[in-house]
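# Structure, please.
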Amino acid sequence: MDIADSLARYWYFHLPNFVLAALMYTMLGRFLLGLFVDADSPNYIWRFFCRLTDPVLTAIAIVTPKAVPPAVVWLFGFVWMFWLRIVLHYTLLVLNLAPRLAGGGS
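As a prediction, this is how the structure comes out:
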């Protein structure tokens, strides 16, 4: 099975996994960039990170105490996205719908 066939056959795994990974690493990037950039900075990379992660962080802020600083909420977002990816993969493995590595066995 080649890569294109795998992507087409297991799109229900690859697409959500890619979106969750992009959000996860964007939140980590936002945290790291937030150490050097002001919250209201006109930097276009900072604005992109904020625009992409703000909807997810709004949902995460609902279950996070209000006393927590925003940078910690960004790290919580990273952890939540990581665990959502694990749950997605595990659920599809249990349902025997996840892609598997080819070869090796007899």
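
# ok, and for the helix or strand of the chain with the lowest mean pLDDT, which residues are buried?
For the chain, using mean pLDDT, DSSP states H and E, the weakest element among its helices and strands is helix 3-9, scoring a mean of 80. Within helix 3-9, no residue counts as buried by 16 or more other C-beta atoms under 10 Å. To be clear about C-beta, it is placed using only N, CA and C from the backbone, and glycine gets the same treatment.

# any idea how far the helix or strand following it is from the chain center?
Toward the C-terminus, helix 3-9 is succeeded by helix 11-34 as the next helix or strand (DSSP states H and E). Distance, stretch centre to chain centre, for helix 11-34: 3 Å (C-alpha atoms, centre = their mean, to the nearest Å).

# Only the buried residues of the helix or strand hosting residue 46, if you could.
Using DSSP H and E, residue 46 sits in helix 44-62. Residues of helix 44-62 classed as buried by neighbour count (16+ other C-beta under 10 Å): 46, 49, 50, 52, 53, 56, 57, 60, 61.

# And stretch 25-38, by the same measure?
Using 16+ other C-beta under 10 Å as the test for burial, stretch 25-38 gives 26, 27, 28, 29, 30, 31, 34.

# who touches that stretch?
Applying C-beta atoms under 8 Å, 6 or more residues apart in numbering, the external contacts of stretch 25-38 come out as 43, 45-46, 49-50, 52-53, 56-57, 70-71, 74-75, 77-78, 81.
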